[in-house]
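A.B. asks: Have a look; sequence and predicted model below, questions after that.
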Amino acid sequence: MSVTDITTANGTAPIPGPATPYQGDIARYWDHEARPVNLRLGDVDGLYHHHYGIGDVDHASLGEPDDSEREKKVITELHRLESAQADVLLDNLGAVTPDATLVDAGCGRGGSMVMAHQRFGCKVEGVTLSAKQAEFGNRRAKELGIGGSVRSRVCNMLDMPFATGSVAGSWNNESSMYVDLHDLFAEHSRILAVGGRYVTITGCWNPIYGQPSKWVSQINAHFECNIHSRREYLRAMADNRLVPQAVIDLTPATLPYWELRATSSLVTGIEEAFISSYKDGSFQYLLIAADRV
Ligand SMILES: C[S@@+](CC[C@H](N)C(=O)[O-])C[C@H]1O[C@@H](n2cnc3c(N)ncnc32)[C@H](O)[C@@H]1O
Ligand SMILES: CC(C)=CCC/C(C)=C/COP(=O)(O)OP(=O)(O)O
Ligand SMILES: [Mg+2]
């Protein structure tokens, strides 16, 4: 791991700088991100997510269209669907014992890590390129009194500071579109124990469509990422001793989230690209759970 001139807030421990100029751009992107659609949803219960939602919208919970509280109710509902997404990811980790260590690769502000610790009682390590996100996640964990078990750090997920075979489960929740998949799965495969479980929830382009559609290109430009195809995921896993145990198309389950989000005051402008590409079949919201063999 390269150590450069960036230091932690207390100035004691040097932390690694970006491995590439691209990673520097992504670190800056997430250091400056403060979209209300993420912060106001997180404020609902203190779990801050940077991923999307799944499940049916509970229309009864939203009240009447002219309800003065409707916007608040929409935010609560969108947040409920985002937490439901993280719950499904955690369901696919299988049984995890309290003495295990889990790794969240590309952990964002740490919402999924808190949920994992609350569910399994185990240690959860997160890595993100963004110092602001790591500070945010560590502050939240401390506030919750779980700072000894849930820790975020600034680190490249292609070069993680975990010993070979030391991890029972690891995941990428909407973070694998920032890296080369062969490099990513080689690193998960290295840190996972044989018999360990890897889970990803991701947006991927659908090889049946042919090539990335204009909507997929728009999503890439919006987030400065590089969406991979479903075929690339499966091939890179197979090449790295990760054998899919479940491949679940979550596209129908995520559409209600997007359709509700498109009606809210917190729209960001990317809603049409997601809705159109999910509907024309060029893009899929996929969960893959794989065994490390
Ligand atoms: C869309 S956010 C997802 C955050 C989180 N998984 C969640 O569900 O809330 C993408 C995350 O990937 C991280 N990321 C992107 N490339 C990375 C890399 N090479 N190493 C570590 N983290 C990375 C970003 O810093 C950011 O935290
Ligand atoms: C499924 C795909 C392709 C995801 C790309 C990665 C990404 C930016 C996810 C959501 O982050 P966010 O919660 O910060 O985004 P938003 O502000 O749109 O809610
Ligand atoms: Mg969001």
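C.D. replies: Yep, that arrived. Ligands and ions are numbered 1, 2, ... in the order given.
A.B. asks: Now do the strands in the stretch 1-150 of the chain.
C.D. replies: In the stretch 1-150 of the chain, the segments counted as strands under DSSP state E, counting those that start in this stretch are 3-7, 14-16, 101-105, 123-128, 150-154.
A.B. asks: just flag whichever of those has the lowest average confidence.
C.D. replies: For the strands of the stretch 1-150 of the chain, the bottom mean pLDDT is recorded on strand 3-7, which sits at a mean of 41.
A.B. asks: quick one: the strands in the stretch 151-293 of the chain?
C.D. replies: Using DSSP E, counting those that start in this stretch, strands in the stretch 151-293 of the chain cover 167-173, 192-205, 242-249, 283-292.
A.B. asks: okay, the ones you listed in CSV with mean pLDDT next?
C.D. replies: Formatted as CSV, the strands of the stretch 151-293 of the chain follow (pLDDT from 0 to 100):
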stretch, mean pLDDT
strand 167-173, 99
strand 192-205, 98
strand 242-249, 98
strand 283-292, 98
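A.B. asks: Single out the most deeply packed of these.
C.D. replies: strand 167-173 (a mean of 26; mean count of other CB atoms under 10 Å). Where you see a C-beta, it was placed from the backbone N, CA and C, and this is true even at glycine.
A.B. asks: Need the residues that contact it.
C.D. replies: Strand 167-173 is contacted by residues 51, 85-86, 89, 93-94, 96-97, 100-106, 108, 112, 122, 157, 184, 188, 191-193, 196-202 when judged by CB atoms under 8 Å, 6 or more residues apart in numbering.
A.B. asks: just stretch 228-241 next, same as before
C.D. replies: 176-177, 181-182, 184-186, 188-189, 198, 200, 202, 204-207, 212, 243-244, 247, 284, 286, 288, 290, 292-293.
A.B. asks: Find the centremost residue of this structure, please.
C.D. replies: For the chain, residue 173 is the residue whose C-alpha lies nearest the centre (CA atoms, centre = their mean; 2.5 Å).
A.B. asks: Among the strands of the stretch 151-293 of the chain, which comes closest to ligand 2?
C.D. replies: Among the strands of the stretch 151-293 of the chain, strand 192-205 comes nearest to ligand 2, with 2.9 Å by CB to the nearest ligand atom.
A.B. asks: Do that closest one and ligand 1 come into contact?
C.D. replies: No: using CB under 6 Å from any ligand atom, strand 192-205 never reaches ligand 1; the gap is at least 8.0 Å.
A.B. asks: what helices or strands is that strand leaning on?
C.D. replies: Applying 3 or more CB pairs under 8 Å, 6 or more residues apart in numbering; DSSP states H and E, one finds that strand 192-205 contacts helix 70-91, strand 167-173, helix 181-191, helix 230-238, strand 283-292.
A.B. asks: Quick one: list the elements packing against the first one.
C.D. replies: In this case it means helix 70-91. Helix 70-91 packs on helix 36-42, helix 111-120, strand 167-173, strand 192-205, helix 251-261, going by 3+ CB pairs under 8 Å, 6+ apart.
A.B. asks: 6 Å instead?
C.D. replies: helix 36-42, helix 111-120 (3 or more CB pairs under 6 Å, 6 or more residues apart in numbering; DSSP states H and E).
A.B. asks: quick check: mean pLDDT across the last one?
C.D. replies: The average pLDDT for helix 111-120 rounds to 98.
A.B. asks: same deal with stretch 255-274?
C.D. replies: Mean pLDDT, stretch 255-274: 97.
A.B. asks: buried stuff in it?
C.D. replies: Using 16 or more other CB atoms under 10 Å as the test for burial, stretch 255-274 gives 255-258, 260-261, 264, 266, 270-271, 273-274.
A.B. asks: for residue 71, what are its contacts?
C.D. replies: Residues near residue 71 by CB atoms under 6 Å, 6 or more residues apart in numbering: residue 265.
A.B. asks: Begin at 18 from now on, thanks
C.D. replies: All set: I'll call the first residue 18, so the last point we hit is now residue 88.
A.B. asks: okay, it: pLDDT?
C.D. replies: Reported pLDDT for residue 88: 92.
A.B. asks: what's the neighbour count on the residue nearest to residue 47 when sequence neighbours are not counted?
C.D. replies: Nearest non-adjacent residue to residue 47, counting by CB to CB, 6 or more residues apart in numbering: residue 147, 3.6 Å away. Residues contacting residue 147 under the criterion other CB atoms under 10 Å number 23.
A.B. asks: and residue 147, how far is that from residue 127?
C.D. replies: From residue 147 across to residue 127, the span is 11 Å (CB to CB, to the nearest Å).
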